[in-house]
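>>> I'll drop the sequence and a predicted model, then ask my questions.
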Amino acid sequence: MIDLKGINDVVIRFATVNGTGSASANNMFAKAVYKMGVPVTPKNIFPSNIQGLPTWYEVRVSEKGYLGRREGIDILVAVNAQSFAKDVQSVRSGGYLMYDSTKLLADEDKRPDIHYIGIPMMEMCIAHYNDARTHLLMKNVIYVGALAALLGMEISVFENLIQEQFKKKEKLIPGNIQALHLGVDYALKNYSLLPYKIERRDLIGDRILIEGNNACGLGALFAGATVGSWYPITPSTSVMNAFEKWCYKFRVDPETGEHKFAIIQAEDELAAMGMVLGANWNGARSFTATSGPGVSLMSEFLGLSYFAEIPAVLIDVQRGGPSTGMPTRTQQSDLMIAAYASHGDTKHVLLFPSNPKECFDMTADAFDFAERYQTAILIMTDLDLGMNDHLSDPLQWDDSRMYKRGKVLTAVELESMKSFGRYQDVDGDGIPYRTIPGTHPTKGSYFTRGSSKDENAKYTEESEAYVRNVDRLAKKWLTIQKEIYPPEITINDKGSKKGLIFFGTSSYAAIEAIDLLAENGLHFNAMRLKAFPFTKEVLEFIDNHDEIYVIEQNRDAQCRTILITELNINPSKLKSVLNYDGFPITAQFISEKIITNR
């Protein structure tokens, strides 16, 4: 049998049943690792139904600070009978499987190449607690205690977390701490410590654990958003939940109780985007959040935003498609539909956050961009980033920062003007001046339409006027290209002509893959895309490298396709590394694909 071991280098998977309270216990384990100062990456893998189907929770502990998912399960806590046989097979040879030994293990579930740790979880629950619901809940805490003990973790950290979690329900604290110690005591009495250990370190600094969706919601609040219109859809719903939570904390007048925000659940995604456009047109800062199916439905109004030049912000938390697809699995498969949403010649600005801090920062910036460029800005996150806790630099805000409303005419400016043409290119950058309704009693009004118009917003079907208008929009796109985020380029070897291109949550695995490839004598430079349109630095990186791999999480190489189309790249120069099974891509997958396909 292979002898596996490691200090602060282990992957643990909890295989449980959705709706049994296991999520809270599993999350407590990940937080305990964090509290002990060790980098940790939790991944919640859950079904799209409410209760009953299998759910998994993976925790990667990495002293080296790798934050991507890693292949291979070192320790499995298996407490779901429905998935037990499959779970047993997922453990690495030489690994460990903890199970509820209240019932005997079936012969077909025994593998000679892994270690078994039997903990009579339900038996202990029945002996110490009275009702069935409590049995289910405390069973989770028992396995956490047993695992923590065998990994040599500090049990006081778990006790503190229980007290913190139930500080508003103090009567629940004693029972949970009792369950924790039932697991601890049984494990230490019946088993030796595992060769895997989690030891205290000081590797976290001031970093926090936070979900990307929460960071997006907070970013919208700090950006001055006062209107959120949405239709619920996994995995974006918690963006608006977070925005609502922060609004109730910071946007309610303490004296009058007046709500200085509006959150509207629309009848569908199309209506939600329509409300966003209406609010922004009227001077508010408004946004919506959705996923791939919602982007499909919002395409008509995204085209209106582009052509009528109305600011809008859309947070797209991508999931597995097409159609309903896999609602609770992650992908990066909305790039094409987002970049070119709607019919006709349209292009939309995309931002690619790769961590919660960027979710916060880019969401805040998106509102400035939307008003500066008078168009829709789409923030392309995904389920992995949005609904999982990530180790992140702290979210920071400069209190002296002023909102950038763009080219908005004031009453004084309108009064001094002889005439106002809504779509005139006054400054030569393709961006016209706009007005907000009610600014001036008699000046600055215009008709907003999705049909063809001239520079003064008057309806026309004259070909010359139409061409001038769409050519000006193309000029505006070039202005955006000069001003939007440049990529993050890392030159690991100045002499290397090998390069990796990646974006979003693929960044975690790609950064680790560079180290794995270097161990095999392959030295790659890296470029992390942060926005579309692509700036000149993107083309320069591609021109300066001969062997380039584009890493993305979709089947059809959508990012590669956009790079080729927009930058006129020879297709043979860009090779693909594609992962689309719904699970976050891993460094092992990337490095093996590159080594195999060279």
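All right, it came through fine. Residues are numbered from 1 along each chain as shown.

>>> what's around the residue nearest to residue 448 when sequence neighbours are not counted, how many residues?
Distances taken as Cβ to Cβ, 6 or more residues apart in numbering place residue 308 nearest to residue 448, at 5.3 Å, with adjacent residues excluded. For glycine as for every other residue, the C-beta is placed from the backbone atoms N, C-alpha and C. Using other Cβ atoms under 10 Å, residue 308 is surrounded by 21 other residues.

>>> Now residue 308. Its backbone dihedrals?
Residue 308 adopts backbone torsions of phi -90, psi -10, taken as degrees, to the nearest 10.

>>> Helices of the stretch 201-350 of the chain, start to end?
Counting by DSSP state H, counting those that start in this stretch, the stretch 201-350 of the chain has helices at residues 212-222, 237-250, 269-281, 292-308, 335-339.

>>> Mind pulling up the pLDDT for the residue lying farthest from the centre of the chain?
Going by Cα atoms, centre = their mean, the residue of the chain most distant from its centre is residue 418, 48.5 Å out. Reading off the confidence values, residue 418 has pLDDT 88.

>>> that older thread, shouldn't the residue nearest to residue 448 be in contact with residue 449?
Yes: counting by Cβ atoms under 8 Å, residue 449 is a contact partner of residue 308 at 6.6 Å.

>>> Show me the strands in the stretch 301-450 of the chain, by range?
Per DSSP state E, counting those that start in this stretch, the stretch 301-450 of the chain carries strands over the ranges 312-318, 349-351, 376-382, 389-392.

>>> actually the stretch 51-200 of the chain, not the one I typed
Under DSSP E, counting those that start in this stretch, the stretch 51-200 of the chain gives strands at 54-62, 73-78, 91-100, 115-119, 196-197.

>>> contacts for the shortest one?
Pointing back at strand 196-197 there. Strand 196-197 is touched from outside by 4-10, 74-75, 96, 151-152, with contacts defined as Cβ atoms under 8 Å, 6 or more residues apart in numbering.

>>> repeat for the fourth one
Judged by Cβ under 8 Å, 6+ apart, the contacts made with strand 115-119 from elsewhere in the structure are 1, 94-101, 105, 110, 142-143, 146, 150, 183, 186-187, 191.

>>> The third one too?
Outside of strand 91-100, the residues within contact range by Cβ under 8 Å, 6+ apart are 1-4, 72-79, 84, 87-88, 105, 111, 113-122, 139, 143, 146-147, 194, 196.

>>> what does the second one give?
Counting contacts by Cβ under 8 Å, 6+ apart, the residues outside strand 73-78 that touch it are 4, 6, 10-16, 58, 84, 87-88, 90-92, 95-99, 143, 147, 194, 196.

>>> Correct me if wrong: residue 364 contacts residue 223.
Yes: at 4.3 Å, residue 364 and residue 223 qualify as touching, with contact defined as Cβ under 8 Å.

>>> so after the helix or strand of the chain with the lowest mean pLDDT, what's the next helix or strand?
Ranked by mean pLDDT, DSSP states H and E, the weakest helix or strand in the chain is strand 6-7, scoring a mean of 92. Using DSSP states H and E, the helix or strand that follows strand 6-7 in sequence is strand 9-17.

>>> and that next one, what does it pack onto?
Judged by 3 or more Cβ pairs under 8 Å, 6 or more residues apart in numbering; DSSP states H and E, the packing partners of strand 9-17 are helix 22-35, strand 54-62, strand 73-78, helix 84-90, helix 132-150.

>>> mind redoing it with 10 Å?
helix 22-35, strand 40-45, strand 54-62, strand 73-78, helix 84-90, strand 91-100, helix 132-150, strand 196-197 (3 or more Cβ pairs under 10 Å, 6 or more residues apart in numbering; DSSP states H and E).

>>> picking up where we left off before, now do the same contact list for the residue nearest to residue 448.
277, 281, 301, 374-375, 422-423, 447-451, 453, 457 (Cβ atoms under 10 Å, 6 or more residues apart in numbering).

>>> got it, and residue 363?
212, 215-223, 225, 239, 243, 287, 289, 313, 315, 351, 353, 377, 379, 381.

>>> cutoff 7 Å now
Residues near residue 363 by Cβ atoms under 7 Å, 6 or more residues apart in numbering: 216, 219-220, 223, 315, 379.

>>> tell me the pLDDT at it?
Residue 363 carries a pLDDT value of 98.

>>> Could you check how far it is from residue 440?
32 Å (Cβ to Cβ, to the nearest Å).

>>> Go ahead and flag the most central residue of the protein.
residue 385 (2.3 Å).

>>> How many residues are close by the nearest residue to it once chain neighbours are set aside?
Once flanking residues are discounted, residue 385 sits nearest to residue 212: 3.9 Å by Cβ to Cβ, 6+ apart. By other Cβ under 10 Å, 35 other residues sit near residue 212.

>>> mind listing what residue 212 touches?
By Cβ under 7 Å, 6+ apart, the contact set of residue 212 is 353, 356, 359, 381, 385-386, 390.

>>> And for residue 547?
Listed by Cβ under 7 Å, 6+ apart, the contact partners of residue 547 are 497-498.

>>> How much space separates it from residue 490?
As defined by Cβ to Cβ, residue 547 lies at a distance of 16 Å from residue 490.

>>> Any quick ChimeraX command for the buried ones out of the contacts of strand 91-100?
Selection of the buried residues among the contacts of strand 91-100 in ChimeraX, burial being defined by 16 or more other Cβ atoms under 10 Å:
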select :4,73,74,75,76,77,78,79,84,87,88,114,115,116,117,118,119,120,121,122,139,143,146,147,194,196
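
>>> which one of the helices of the stretch 201-350 of the chain is the most hemmed in?
Stretch with highest mean neighbour count among the helices of the stretch 201-350 of the chain: helix 212-222 (a mean of 28; mean count of other Cβ atoms under 10 Å).

>>> That one vs helix 237-250, what angle?
Between helix 212-222 and helix 237-250, the angle comes out at 40 degrees (axes from the mean of the first three to the mean of the last three Cα atoms, to 10 degrees).

>>> Alpha carbons only: can I get helix 212-222 in PDB?
Output of helix 212-222 as PDB, limited to C-alpha atoms (Å, rounded to 0.1, in the frame of the first residue of the first chain):
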ATOM      1  CA  GLY A 212     -17.300  36.400  -4.800                       C
ATOM      2  CA  ASN A 213     -21.100  37.000  -4.900                       C
ATOM      3  CA  ASN A 214     -20.900  38.700  -1.500                       C
ATOM      4  CA  ALA A 215     -18.000  40.900  -2.700                       C
ATOM      5  CA  CYS A 216     -20.000  41.800  -5.900                       C
ATOM      6  CA  GLY A 217     -23.000  42.900  -3.800                       C
ATOM      7  CA  LEU A 218     -20.800  45.000  -1.600                       C
ATOM      8  CA  GLY A 219     -19.000  46.500  -4.600                       C
ATOM      9  CA  ALA A 220     -22.400  47.600  -6.100                       C
ATOM     10  CA  LEU A 221     -23.300  49.300  -2.800                       C
ATOM     11  CA  PHE A 222     -20.000  51.200  -2.600                       C
END
